[in-house]
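Visitor: I'd like to go over a predicted model; first the sequence, then the structure.
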Amino acid sequence: MTRSTAPHINTASTPEPQHRRLREGLTVVGANMDFSSVRVLNDVSITFKPGEVHTLMGENGAGKSTLAKILSGVYTATSGDFSLDGAAITLGSPRVALRHGIYLVPQEPALMPHLSVAENVFLGAILTRGRLIKHIDWKTMRKRAAEVLAIVGLDIDPDAAAGLLTIAQQQLLECARALVHRADVIFFDEPTSPLTDTEVARLFVVIRDLRTQGCALGFISHRTDEVLDISDRITVLRDGRVVDSVDRSEANEQRLILAMLGHSLTPAKQIEQSRTEGGPVLSVRNLNSSGWFKDISLDVHPGEVVGLAGLVGSGRTELAETIVGQRKADSGKVTFLDKDITGLSPAKVLHRGLTYLPEDRAKHGIFADLSVQHNITASILDSLHRKFGFLNQRSERTLATEMGDQVQLKPSWLLNPIRSLSGGNQQRALFGRLLLNKPHATILDEPTRGVDAGAKADIQQMIRRLAAEGLAVLVISSELEELVQVCDRVLAIYEGRIVQELTGKQVTRVAIGHHIVGSQATHE
Amino acid sequence: MNDQLAVNHGSNVMDDSTADARPDKGNRRSKRWSDLLRLREIQLTLLIVVIFFAMTAYRPGFASQSNVEFLLLGSVVLGIVTIGQTIVIITKGIDLSVAPIMGLSAVVTGMLAQQSGLPITAAVGIALAIGIVLGAINGLLVVVGHIPPIIATLGTFGLFGGFQFLVTNGAQVSSVPGDFNSFGNGELVPWIPFQVVLLVLLTAAVTVVLRWTVFGRNVMAVGNNESSARIAGVRVRWVVFLTYVISGCLAGFAGLVYVAHVAAATAVTGTSDNYHLQSIAAALIGGTLISGGRGNVVGSVLASLFLTLTLTSMVFLGIPAIWNYGGQGLLILAALSLEGRGRASRPLGRGSR
């Protein structure tokens, strides 16, 4: 076989590289990595074999992404020996790694938004034609891009701008890019965290396909169910060390979680159905936004957790952003505490007690360079000023400390920039910010996305506790299990419409899964 | 209901097994020398001292009272403009129009004083008003017109510069009354011009505003992440608008200081000396990030002094003035390349590890 993927790709117009088949795979022995004197990887040895999906598991900060980045040339290890098929190699840059056939599909795909899909696929390997004057062979590139996109199951126009793609599509495009570069060692850095269950299934088909073709696949995740589903071998990292490495046949959820956390995890417990006395706190009627959602009506009562289930791109985030005033609706009405808040600015909505936790923490949530404390208090500064806008430092400190305590952040972290915290702890801080506003209702968009297992369980428990104390909560999540765990009621949204409401015992993974893909089938 | 939400979770802070890999890096408050030396303000102060003493050793006249006063006063005008520029840059903006705002303020107040004996107190009011109005125009173009700051202020750079030509109408300011002169050149004590004290007070005030007021914190938040700030309930557009008003206001005031100091102003005052580029350079050399979110006015003012000192030194060394621009360009590049390295060595905190 050619470098694993060649059978699919007709490469008539470019010289064929040396055909080589991956034999032993990629091995690293004794890798160490220091970030400014802190050791984040400690004596890690691991092999990625052809025809095998090898998963790296671990909490955020365990070192799994760092390892993948080192193996794909993004970072340079402090020390360690690397070999490919038994021959020693050095990995100085992503370009060098790619020349060895190693490719990393990054956690957040880095596409060129204004270039076409085809150009993105062929970035770094642009096809040319002509002998005297080399010029770009658009026709072949477009045709081959379409072929490769078909292999990864992407049905999109190669001429479309890449910026229009959803995150799931961007990831599949990254896979296509790996194929074009004839990579046979491919790493996926937490590809599933932004994906819905259906999209994950589609990605797994592609990954299995690559495995059959003899690629060595490195997969990063902390979702045990999907890890057990896709992996042939699982290596667990904790605090930068390999703590366990098992074949799929010997692995089970308990063992993996124990290895990841160092202690077993108490799952969030489904609290009994909340009572919903009185009228709704938040009420949406016939809300429309062309291109995003149609005729949305919903109510959230005090003490109730309502789930909004839908695929990425179903309009769920846009709906949330419209409710909290970040987008304008075309028509319809949003009522909060019996007052019309349609079209109010985000600041006004917030100060009335309707808070929002955005989906993309880095882009819309945190102030990376500001301290944890300043991040927590960012939205209540107006209530902290004394005269002439001067801040009351002492009460700010007290409030931040108290809130940090509630959301389980160490007091010693308050003065550190928030970017030095892991995803889970950043999310705790954002919860702190949200709660400081003393909300009557809150909308949480993917509250546990990119969060380690420990923080995830804490956050889910916190959601239930807040509801028990009277908060009205609307949770948007791609994780069906999470919706089942925390919600009293789930609304399924499909192509911008609420297609089903599930209550009480109806709230099951299967039921939600059916409705969010638009399936009309009945089920118990 | 609000009280109900006071979640009582005791103080069971998360245990160490799930703790971050690098919890205590970053804002350590240690006062070790090596940390101090990495502060841009300290670096600049040391550079200024070194250059000053080296020049004095080379040309003893460099440390004369008149030259020291000239140096200090020369950096006051740039310093005031740079303070405003810094605030704008922290919010990811930029203000190219400070030069003509400064020039317009200088010619308007100067001509009124020269022709009809405008008292200095009224001149201060007029200078500030000119700056506030023109700054507000910039602010509106940016936050209401949604025009990128560099384009908006490039446009108003031309527009305000045109006003300056219209106002002067071929004439120029060549002398100012006595109260202007004492405002521009008066001394609190020998060696320390009144204007320098004013600049120090202004720097202190703006530092306090940026660090300890709601507005200052919001400026930092907007510069760090505009989208997060909007979601966190910060009135982003109002904050950005205010930064342009402040920048304009300070540029207007700097124009008055300029005309009072040199007793001259023309249709090209401000723009011909490239105060817009110099103020941007000084802000960046002072440690403000062009990408926003970080910056401080102490560094900016020190950098203004540093730039003025360097240019004066070049004159003393007999380097032709035509090298001024080149020299400044090199300084900016040097400062930015330091910045680039500073950025790269920051902890890689994004994403999971």
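Guide: That came in fine, so what should we check first?
Visitor: the strands in chain B, which residues?
Guide: With DSSP state E as the criterion, chain B has strands at B:187-189, B:192-193.
Visitor: and the spatially most central residue of chain B, what pLDDT?
Guide: The residue lying closest to the centre of chain B (C-alpha atoms, centre = their mean) is B:Thr82, at 1.9 Å. With respect to pLDDT, B:Thr82 scores 97.
Visitor: check the strands of chain B for me: which has the lowest mean pLDDT.
Guide: strand B:187-189 (a mean of 81).
Visitor: name the helices or strands packed onto that strand?
Guide: Under the contact criterion of 3 or more C-beta pairs under 8 Å, 6 or more residues apart in numbering or on different chains; DSSP states H and E, strand B:187-189 touches helix B:194-212. Where you see a C-beta, it was placed from the backbone N, CA and C, and this is true even at glycine.
Visitor: strands of the stretch 201-350 of chain A, residue ranges please.
Guide: A:216-220, A:233-238, A:241-247, A:282-289, A:293-300, A:305-309, A:331-336, A:339-340 (DSSP state E, counting those that start in this stretch).
Visitor: quick one: buried residues of the first one?
Guide: In this case it means strand A:216-220. For strand A:216-220, a neighbour-count test (16 or more other C-beta atoms under 10 Å in any protein chain shown) marks A:216-220 as buried.
Visitor: per-residue confidence for the nearest residue to A:Val205 once chain neighbours are set aside?
Guide: Closest residue in space to A:Val205, ignoring its immediate chain neighbours: A:Gly153 at 6.6 Å, by C-beta to C-beta, 6 or more residues apart in numbering or on different chains. Note on A:Gly153: pLDDT of 82.
Visitor: I'd say A:Gly153 and A:Arg202 touch.
Guide: Yes: when contacts are counted by C-beta atoms under 8 Å, A:Gly153 is listed as touching A:Arg202 (5.5 Å).
Visitor: so which of these two has more stuff around it?
Guide: Comparing A:Gly153 with A:Arg202 by other C-beta atoms under 10 Å in any protein chain shown, the one with more neighbours is A:Arg202, at 18 against 14.
Visitor: spatially nearest residue to B:Ala321, not counting backbone neighbours?
Guide: B:Val315 (7.2 Å).
Visitor: now swap in B:Gly161 and tell me
Guide: B:Pro100 (4.1 Å).
Visitor: same check on B:Thr56?
Guide: The nearest residue in space to B:Thr56 (C-beta to C-beta, 6+ apart) is B:Ala63, at 4.3 Å.
Visitor: so that neighbour sits against B:Ala57, correct?
Guide: No: if you go by C-beta under 8 Å, B:Ala63 and B:Ala57 don't touch, sitting 9.5 Å apart.
Visitor: would you list the strands of chain B in a markdown table and tack on mean neighbour count?
Guide: Supplementary listing: the strands of chain B in a markdown table, determined by neighbours: other C-beta atoms under 10 Å in any protein chain shown:
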| stretch | mean neighbour count |
| --- | --- |
| strand B:187-189 | 12 |
| strand B:192-193 | 18 |
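Visitor: need these in CSV (columns: distance to A:Val243).
Guide: Shown next, in CSV, are these (distance: least, C-beta to C-beta, whole Å):
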stretch, distance to A:Val243
strand B:187-189, 68
strand B:192-193, 65
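Visitor: span of stretch B:254-268 from start to end?
Guide: 15 Å (C-alpha to C-alpha, to the nearest Å).
Visitor: my bad, stretch A:381-388
Guide: OK, stretch A:381-388 end separation, C-alpha to C-alpha: 13 Å.
Visitor: contact partners of that stretch?
Guide: By C-beta atoms under 8 Å, 6 or more residues apart in numbering or on different chains, the surrounding residues in contact with stretch A:381-388 are A:377, A:391-392, A:395-396, A:399, B:213-214, B:217-218.
Visitor: put the buried members of those residues into a PyMOL selection.
Guide: To isolate the buried subset of those in PyMOL, counting by 16+ other C-beta under 10 Å, use the following:
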select buried, (chain A and resi 377+391+396+399) or (chain B and resi 213+214+217+218)
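Visitor: out of the contacts of stretch A:381-388, which are inside helices?
Guide: Counting by DSSP state H, the part of those found in helices is A:377, A:395-396, A:399, B:214, B:217-218.
Visitor: turn the residues you listed into JSON lines, including distance to B:Ala321 and pLDDT.
Guide: Conversion of the ones in helices among the contacts of stretch A:381-388 to JSON lines gives the following (distance: C-beta to C-beta, whole Å; pLDDT from 0 to 100):
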{"residue": "A:Thr377", "distance to B:Ala321": "51", "pLDDT": "91"}
{"residue": "A:Ser395", "distance to B:Ala321": "55", "pLDDT": "87"}
{"residue": "A:Glu396", "distance to B:Ala321": "51", "pLDDT": "89"}
{"residue": "A:Leu399", "distance to B:Ala321": "56", "pLDDT": "90"}
{"residue": "B:Val214", "distance to B:Ala321": "45", "pLDDT": "90"}
{"residue": "B:Arg217", "distance to B:Ala321": "43", "pLDDT": "91"}
{"residue": "B:Asn218", "distance to B:Ala321": "42", "pLDDT": "93"}
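Visitor: and those as a markdown table, adding distance to B:Asn225?
Guide: What follows is the ones in helices among the contacts of stretch A:381-388, written out as a markdown table (distance: C-beta to C-beta, whole Å):
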| residue | distance to B:Asn225 |
| --- | --- |
| A:Thr377 | 15 |
| A:Ser395 | 25 |
| A:Glu396 | 20 |
| A:Leu399 | 21 |
| B:Val214 | 17 |
| B:Arg217 | 13 |
| B:Asn218 | 12 |
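Visitor: where does the residue in the stretch 101-250 of chain A that chain B sits nearest to fall, helix, sheet strand or coil?
Guide: Going by C-beta to the nearest C-beta, chain B is nearest to A:Gln107 of the stretch 101-250 of chain A, at 5.5 Å. Under DSSP: H, G, I helix; E, B strand; the rest coil, A:Gln107 falls in the coil class.
Visitor: count the residues that sit near it.
Guide: A:Gln107 has 21 neighbouring residues, counting by other C-beta under 10 Å.
Visitor: how about B:Gly117?
Guide: For B:Gly117, the number of neighbouring residues by other C-beta under 10 Å comes to 10.
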